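# Could you look at this predicted model? Sequence included:
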Amino acid sequence: MEKIFLGVSQCLLGEPVRYDGSHKRNSYLTDVLAQHVNFLPICPEMAIGLGVPRKPIRLVVSAGEERIRGVENLALDVTDALVQEAERVVQQMPEICGYVFTQKSPSCGVYSVKRYGESGSSIDTRGRGAFAKRFMELQPLIPVEEAGRLNDAGLRENFITRIFALHDWRQSVTIEPSAKKLIAFYSRYKYQVMAHHVPSYFLIGKFLANLAGRPIASICNEFIQLLMTALSYPASRKGNANTLMHLRGYLKLHISKLDKEELSNAIESYAQGLTPIIVPLTLLKHHLMTLDDPYLKQQTFWAPYPEALGLRNFVLAQ
Ligand code: SF4
């Protein structure tokens, strides 16, 4: 698989582009994820011509509208410039499969950006940075996350699962799309979707059973929305255990009673929160691979992203 392109707030890579010349280096991004993706660093404030150092800006609610203005110089309003910068990035970097933003920034923050009133007093933390907001409006399918939230093992795993799925989709289906390619693609994702969200599993199954007479472009559009929505639900412990049990069903006639017991105990232990998923998963995979069944072998559920990321070793809490 070719490397994935991820948009990233430039200060997260350790570059001194913040208003005061500092940075917000995130070691998970620079030391771990960077080995598996290509980062496209973007500092929207620098890109619109605000230099370093620069006077700080903030999100101000003015006449019911969110504007990004100077803290000291109220006449400075960079909202439109930040919006246009997001439009430029979307147009010039269509290869982006995901985006990691800096939290709390009036340009890059996705959740909980402080909003101020005209008088300068803070109103709440329900804002979103102007650049991030426009990017997300234009690219609703692209997974986005804030760097701070990637400290949560479950959120991190979910974000990375989605970017690899979107990249896989673009590589496998969108170049000369066909119903055959789409079905082949989804047949690899079935158990992963089951782990994330059972209602989506049924919905996608129903959708794919009724493709006749529809243009392939609209089928692909609808399908990828359904898939990305399904994967946006974190794969819970219950969902994973259910999927492991379903996959265990393939072994009914092929392994000994003792092996079945060992497998059931491993799944049960995971379901109770005593072990990480990697324990029953490895055991199940070991048995299933002896069946040499191409359908089972190709399931992305085994490895939704490079195993070297080791994410499943840490996802204990789900
Ligand atoms: S948060 Fe965004 S705008 Fe602010 S320094 Fe980082 S990249 Fe630049």
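The structure has been received and is ready for your questions.
# buried ones in the helix or strand hosting residue 263?
For residue 263, the host element (DSSP states H and E) is helix 257-271. Within helix 257-271, the residues scored as buried using 16 or more other Cβ atoms under 10 Å are 263, 266-267, 270-271. No exception for glycine: its C-beta is placed from N, CA and C like everyone else's.
# and what of stretch 290-298?
residue 296.
# now for it, what's the gap between its first and last residues?
Distance across stretch 290-298, first residue to last, is 14 Å (Cα to Cα, to the nearest Å).
# ok, residues contacting that stretch?
Outside of stretch 290-298, the residues within contact range by Cβ atoms under 8 Å, 6 or more residues apart in numbering are 187-188, 247, 250-251, 254, 288-289.
# just stretch 125-140 next, same as before
7, 44, 59, 66, 68, 78-79, 82-83, 85-87, 89-90, 96, 99, 101, 105-115, 142, 144.
# among the residues you listed, which ones are buried?
Buried subset of the contacts of stretch 125-140 (neighbour count, 16+ other Cβ under 10 Å): 7, 44, 59, 66, 68, 78-79, 82-83, 85-86, 89-90, 96, 99, 101, 105-111, 113, 115, 142, 144.
# The residues you listed also near the ligand: which ones?
The subset of the buried ones among the contacts of stretch 125-140 lying close to the ligand, counting by Cβ under 6 Å from any ligand atom, consists of 44, 105, 107-108.
# wait, what's in contact with the spatially most central residue of the chain?
Centroid check for the chain by Cα atoms, centre = their mean gives residue 159 as the closest residue, at 2.8 Å. Residue 159 makes contact with 98, 143, 145, 150, according to Cβ under 8 Å, 6+ apart.
# now with 10 Å?
Each residue near residue 159 by Cβ atoms under 10 Å, 6 or more residues apart in numbering is listed here: 6, 33, 98-100, 143-146, 149-150, 152, 232, 234, 305, 311.
# show me where the chain has helices.
27, 44-47, 79-92, 130-138, 153-169, 179-196, 198-208, 216-232, 237-248, 257-271, 278-289, 294-297 (DSSP state H).
# Just the buried residues of the fifth one, please?
Counting neighbours by 16+ other Cβ under 10 Å, one finds that the buried residues in helix 153-169 are 153-154, 156-169.
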